[in-house]
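>>> pasting the structure only:
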């Protein structure tokens, strides 16, 4: 099975994540879309590790997960904090800072 | 070593001045007189081992040295700076300035910068002093100037800043063409520039010329100048018009003409056309001015045009004439401003229509005005004549195909110069006194000293120009 | 067309479909569910790629921990379809278009490469926990330790940000 | 390596200090002391290393050269200076003072990693270790909605750029089978693999985000504006410089051989950054926000070091980074002394407090690149590097025009201070120590302007 | 003696310095006395020099110091004493001394008298420089110096705006000429790389082959343009009548006797060059003739006594240039001399009249003054006769020589010149009759006030009258005597052009013709002024009274367009165009800044969107545009 398939698949997922980040106003969903992007990367890495028969890539995937977990922890905390203030997770109402 | 003192003394004097509250003007005067003495010494001993050039390692990484050297031209300009600064400090002594310490300190700072510019023989050092001379003037103008001072001065600053950045990029480029050892030193820069192919020479020329043309200023880059002259306090105007503009010419002679000779020969006709067009243009506009400071400003632009044209005419004679004229124009324009300043203080206006009758109310000032005006329009036996005669001869003998035309059109400047200068004299000194000010104060001692010194230079150098010519011919 | 290929295509379709579901569904809860399904599909791919341990971790960490966290937050804010703010269809279209363009550009670029690499079907053992453990603690012990710093700061962040200031 | 370990441990100590100590002042003192210790460790490590030596650790995951240690030392010193200058304002921000200081230590860990990584995994971790604490710092002023908004924006976009970064790394790995940046062998390939190109571009984009280069700069003004001012100062200076060292390290060690393929793109990005930063800064009313935009512009200048691949660019980056850091820190320190952050807040400062006006002038000059200040020498090095590149003369000229525009908005502060009349409110009178520190900073700016080679001792 | 010639200009300079520096403290009489004394001394010296030269002393160069020495350019500050300069020295110092003496009484009640004498001495100094200089630069120095003095003296009563305007006009018009002079010098320097007469003329006489005639023509024309300005020739003559604003002695000294003849001196000096250029000489002849006719025609219808004399001066100068145009330089110099005497005489006489009339200058309100002021009348009459050209008075010989030369050159010139000469006779005697004969037409108090002027004023008149009467004999035409004294004297310094020899019969015929016609003219003038009626003029007379409307023409054609153009430059090009452009850049930046700000609209979604667009662009550029 040629590597392109995995390449295209993960790029497709990646771009779907990007679209999600662009299309949605809900901060949580945007965040989830970004997680989707990360997973696309993971998948690609796994495929490459199989291709090169090298486990380093899989190690890298672990660390991506680690970082993702950390980011999610902080990120959700921030989202909750914002929600406490404005009772919404709509990013569009957050425009006190502009120009 | 002596050359370092030439820069150091004004700096130290500036520091002292800054902290001496009321005695500021006297401290500054003392410092400037010391500098004057030193610059006279330098001018006397120029070319001997008493004023040996000096070169200290500064930034080996980029090949910059702290190197100063004084040939005839540099010594002459230092002398001019040394002479003009005390004169500047002599006038307006009984005028109350707020925060005099800072005011006089800044004047001395810019003097130090000017000295540095004229002495530096290292590109980076040159640039440093170039800016060091500009910044204090910027502060002086926008702190103590007229009511439109802030925008006007700001325009002036940004305009010249753009120019100097252009120059900087060109200098960097040149320094990178050298073998890297003392890449910034003048002779290496010159060598690198001469070695460049034509295309690069064009680029370098344009960059450098823009910087200097804005500084001089040459038509059509001159528009900052009348506003700046009008708005800044007259003492600062003197520094601007007598010394700062000389920086531009000096830079042309030292950092442009030798560096990219082919490009210079290629562009010389264009530049001469611009500058000579500038002469007529500025003279015509000067005829229209009703504000005396603007009038003098435009006359200065006209003079600059002639000098710049001579600089690019590429003849030995015009170069020497240019240097002579740099000195004499410095003296004359200073005299002009000193008079303008006195008239403005006494009549309380810059409007020519509100003046007149000075020959009645203050004959001494009127006489000085007449003499200086005639020096300004290059009457023989005044210092203005020698330089202009050499300039014209040089332009006329230049290799350009149009040298006749250039000479003739520049000659129109003589006539127009007579027209606007004489009508200024007429409006200020003759006729009835329209100012409404009846009791006009006589010149006080300080003003007398300033005027007498300038008049002496005008007459003596007009009759015996040879010492000056000898000085500037020292290589 | 052997079983692995069939599986590959099935999982691919599932992954992309669910991903689209994440992006398109109006109700946040559904989005979360779709995302979890996507993760399952991706884990399936891991299995096909002999990354067994990775597959397990993906299920446990992502689907198990992270997504539950998301779900928890959403529940806590009780967001649902009608509270969900909607962007105008124009903006959404723009998003789709730009994302699609990005995809096409990258594909167009990469497809010029003649990648010889092929995923050979015979199983390898690089994905086994034993191997990974040795690699991790032999070669990658430094990043392993460093991740602790990361977690420390994340922890601090969670505390500093999440904790209610009583003042 | 010692510094990394030390920073981690000291960070943890700081955390506990935050738990046990209730008095903020003591926490501040402890933080200062610990930073001094960390600086000492750095210096010690530097002294331990021999001329031209590079330590290789963990199978080429870290290669620590004297240069990197020197850079770490400078960054630590800058942090110390920062804490000394703004400590009193930091402890005013929130109630978790200890934690904030701990975060600074962790950010320093990330900085150390970025200055010496040799493996893209370490680089990734380093970037994240720098970013995540910054998200937190941005949102640390919880009473203020702006702060929360800033941190949310920062988080969302930062995570987005993380995804891009990872995609880049992955593609590079896919083309080369290596995470080790010194082992890439592009020259063996008969042509450059588009996958590599794509990866490089992804990396450029994500780094552009971290250093706030156009068109990834959008977060910068909002985040810098919304965050608590002392933390803005930190993010704008040390955070940004750290990202830069990572950028230049990755691109000049691994992608130098194919520089022809990406310098053009990066040059365009540089031009765009200069343009956006300078032009947009012109119209700002708040000095704080103006500084945010100007930091974009300055980043544009710093990018010259990455665009022009030469030995000089590293030195240039050091000089520029330090000069910019010091001047900006000083500027923010002054800003914190004023109640009103708008330009009008500076009106007549020269009369009210000549000392403050004086140091501000020095900092502004440095930022605007006036000679005799460090900022000028920094710009000088950058321009020299770019000119040396040869085919970037257009970029140099453009940059100079932009520098002129930058003079326009920087000098608005000067004009306000000296030539306009007003009565600026100063929050609290400067203590002797603060005066001394500000004067020291200004002096530093001038000294580095006259002798920049102090930043580049031989053997670095 | 000759070696001491540098003292000649020194004494006037001394007088100037003393009077000039002591302009406040100096007592009036002392000032006048000092000035006159200085003049007397230098007059004595000039006499000595003159007779030494006459005694056959060789040309002498008196070097003082090196004025300019730069590279190849070397210009010494040196004096040249030869026949020409010594003659001019005599005229200047002699007439100058007389006029100084005259002034002591004429100006005694003016408060600026010290200043006046300072200026007068300065003028003499510059004039002496002009004629003594050993190279063109020194001449130019004097040239501009006399211009300065005439500026200062015309505007002597500076309160009156018209006077200062006249002064300005004089200086500017001179400047136009000076530009020509300057260009001429440039050309000389360019081609011969020297300005000193001796070297230059040596080269000229050697390498005619090398230089094309064109070069000489150009140089000659340029110098002549200078002369036009200084000697008030078409088209630059209009300043001279206005210059009458100055005190009358000044008009006598500067604007009749000396300064205005500087042009003649210069060309006579450069005769070596002019002889090489027929074209230039023709040009000069034409200009001179036209000037003579035009000025004479205007003088016919002037009512201001000084204006009449001014225009007559212009016309006489025209005669001199006509002579030069015919190659008869010595004749021109001859006429300069005689003209100096009788025109100075006439001016001083008119001054005495004005003095008596208490400042009144309009001859319509004079008449019959002869009864009250005998000496003035007598001397004035001699002057008129001399200028009209009645033998044996000076004017006759010099003018007749000019006419002869003109005839020899081209009869047409002769007839035209004769017409001018007749007009001269007419207007001079019209003036004389209207002023001194008939009955007084002025007010009563003027009539009471009428008196003969004091001796200090009449003495110079008498001396000058004597000179005007006899000085013609230095240049007896050869029909009367074998040798022409002046020609021979000057021959060492000036080389006349080709001189067509005239038959004696022709010459007699010409003389007879001119004399008879002149006498007829005088009678005609007497008839016209028998019963003077001053109806407003009409037709041609009106045009003449208004000086052919030349000033109006100049204003309409040159001055006003120039002013409009420069105001256009000032208002449109400068402010709107260039400065507007510069400010426009700033405006553009601010405008762009305002627009750019709006991009930062605070919406995360928008930011991400823009970022993605940017990313796409970067990919397109980086992947498809960059060719590696």
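Cool, the structure landed. Quick caveat: nothing in here was measured; it's all calculated off a predicted structure.
>>> how close does the residue nearest to residue A:16 when sequence neighbours are not counted sit to residue E:615?
Leaving aside its chain neighbours, residue A:16 sits nearest to residue C:19 (4.5 Å; criterion: C-beta to C-beta, 6 or more residues apart in numbering or on different chains). C-beta here means a position set from N, CA and C on the backbone, and glycine is covered the same way. Separation of residue C:19 from residue E:615 (C-beta to C-beta, to the nearest Å) stands at 20 Å.
>>> more crowded one of the two?
Neighbours per residue (other C-beta atoms under 10 Å in any protein chain shown) separate residue C:19 from residue E:615, with residue C:19 holding more: 28 against 25.
>>> got the phi/psi numbers for residue E:61?
Dihedral angles of residue E:61 (phi, psi; degrees, to the nearest 10) stand at phi -110, psi 130.
>>> hmm, residue E:138 and it touching each other?
No: using C-beta atoms under 8 Å, residue E:61 makes no contact with residue E:138, being 11.4 Å away.
>>> joint contacts of these two?
Common neighbours of residue E:61 and residue E:138 (criterion: C-beta atoms under 8 Å, 6 or more residues apart in numbering or on different chains): E:78-79.
>>> the two: which has the busier surroundings?
Set residue E:61 next to residue E:138 and count neighbours by other C-beta under 10 Å: residue E:138 wins out with 25 against 15.
>>> check contacts around the residue nearest to residue A:16.
So residue C:19 contacts A:12-13, A:16-17, A:36, C:34-35, C:38 (C-beta under 8 Å, 6+ apart).
>>> three-state assignment of it?
helix (DSSP: H, G, I helix; E, B strand; the rest coil).
>>> tell me the pLDDT of it.
pLDDT, residue C:19: 94.
>>> check residue E:321 too.
For residue E:321, the model assigns a pLDDT of 91.
>>> how far away is the residue most central in space within chain C from residue E:237?
In chain C, the C-alpha nearest the mean C-alpha coordinate belongs to residue C:39, at 5.7 Å (C-alpha atoms, centre = their mean). Between residue C:39 and residue E:237 the distance is 107 Å, computed by C-beta to C-beta.
>>> hang on, residue E:65 in a strand?
Yes: the assignment for residue E:65 by three-state DSSP puts it in a strand.
>>> and the next helix or strand past the top helix by length along chain D?
The single longest helix within chain D, with elements called by DSSP state H, is helix D:145-176. Toward the C-terminus, helix D:145-176 is succeeded by helix D:194-210 as the next helix or strand (DSSP states H and E).
>>> which neighbouring elements make contact with that next one?
helix C:89-110, helix D:145-176, helix D:240-254, helix D:259-282, helix E:604-619 (3 or more C-beta pairs under 8 Å, 6 or more residues apart in numbering or on different chains; DSSP states H and E).
>>> separation between the residue nearest to the centre of chain C and residue D:230?
40 Å.
>>> how about the strands of chain B, start to end?
B:54-59, B:64-68 (DSSP state E).
>>> can you pull the buried residues of the longest one?
Of all the residues in strand B:54-59, those buried under the rule 16 or more other C-beta atoms under 10 Å in any protein chain shown are B:54, B:58-59.
>>> are that strand and chain D in contact anywhere?
Yes: for strand B:54-59 and chain D, the contact criterion (C-beta under 8 Å from any C-beta of the partner chain) is met by residue B:59.
>>> compute the inter-axis angle for that strand and strand B:64-68.
160 degrees (axes from the mean of the first three to the mean of the last three C-alpha atoms, to 10 degrees).
>>> near chain C, which residues of the stretch 251-400 of chain D show up?
Checking the stretch 251-400 of chain D against chain C by C-beta under 8 Å from any C-beta, there are no hits.
>>> quick one, what contacts the residue in chain C positioned nearest to chain E?
Per C-beta to the nearest C-beta, residue C:109 is where chain C lies closest to chain E, at 4.3 Å. Applying C-beta under 8 Å, 6+ apart to residue C:109 gives the contacts D:194, D:197-198, E:619, E:623-624.
>>> filter the residues you listed to the buried ones?
Restricting these to buried positions leaves D:194, D:197-198, E:619, E:623, with burial counted as 16+ other C-beta under 10 Å.
>>> quick check on residue D:390: phi, psi?
With angles defined as degrees, to the nearest 10, residue D:390 sits at phi 100, psi -70.
>>> residue D:269 versus that one, what's the distance?
From residue D:390 to residue D:269 the distance is 19 Å (C-beta to C-beta).
>>> likewise for residue B:174?
Distance from residue B:174 to residue D:269, counting by C-beta to C-beta: 28 Å.
>>> same check on residue E:183?
Residue E:183 is 60 Å from residue D:269, by C-beta to C-beta.
>>> which one's more surrounded, the two?
Neighbour comparison, residue E:183 and residue D:269: the larger count goes to residue D:269, with 26 against 23 (by other C-beta under 10 Å).
>>> tell me which residue of chain C lies closest to chain D.
residue C:157 (3.9 Å).
>>> low-confidence regions, chain D specifically.
Counting by pLDDT under 70, the ranges of chain D that qualify are D:187-192.
>>> interface residues of it facing chain E?
Counting by C-beta under 8 Å from any C-beta, the residues of chain D near chain E are D:152-153, D:156-157, D:160, D:164, D:192, D:194, D:197-198, D:200-201, D:204-205, D:209, D:214-216, D:218-219, D:221-222, D:258, D:260-262, D:264-265, D:268-269, D:276, D:279-283, D:405, D:408.
>>> can you select the buried ones from the residues you listed in PyMOL?
Selection of buried members from the residues of chain D next to chain E for PyMOL, criterion 16+ other C-beta under 10 Å:
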select buried, chain D and resi 152+153+156+157+160+164+192+194+197+198+200+201+204+205+209+214+215+216+218+219+221+222+258+261+262+264+265+268+269+276+279+280+281+282+283+405+408
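>>> what about stretch C:73-81, how long is it end to end?
End-to-end distance for stretch C:73-81, by C-alpha to C-alpha, to the nearest Å: 15 Å.
>>> can you give me the helices in chain A?
Under DSSP H, chain A gives helices at A:3-23, A:27-52, A:56-86.
>>> is chain C contacted by the second one?
Yes: judged by C-beta under 8 Å from any C-beta, helix A:27-52 comes into contact with chain C through A:28-29, A:31-33, A:35-36, A:39, A:42-43, A:46-52.
>>> near chain D, anything from that helix?
Yes: against chain D, helix A:27-52 shows contacts by C-beta under 8 Å from any C-beta at A:27, A:30-31, A:34, A:37-38, A:40-41, A:44-45, A:48, A:51-52.
>>> for that helix, the averaged confidence score.
For helix A:27-52, the mean pLDDT works out to 93.
>>> now swap in the shortest one and tell me
Confidence over helix A:3-23 (mean pLDDT, whole number) is 92.
>>> quick check: residues of the stretch 151-300 of chain E near chain B?
E:151, E:155, E:158-159, E:161, E:164-165, E:168, E:171-172, E:175-176, E:178-179, E:182-183, E:186, E:189-190.
>>> which ChimeraX command selects the buried ones in those?
With 16+ other C-beta under 10 Å as the criterion, this ChimeraX line picks the buried residues out of those:
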select /E:151,155,158,164,165,168,171,172,175,176,178,179,182,183,186,189,190
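>>> show me what from chain B comes close to chain D.
B:59-62, B:124, B:127-128, B:131-132, B:135, B:139, B:142-143, B:149-150, B:154, B:157-158, B:161-162, B:165-166, B:168-169, B:172-173, B:175-176, B:203.
>>> ok, of the residues you listed, which come out buried?
Using 16+ other C-beta under 10 Å, the buried ones in those are B:59, B:61-62, B:124, B:127-128, B:131-132, B:135, B:139, B:142-143, B:149-150, B:154, B:157-158, B:161-162, B:165-166, B:168-169, B:172-173, B:175-176, B:203.
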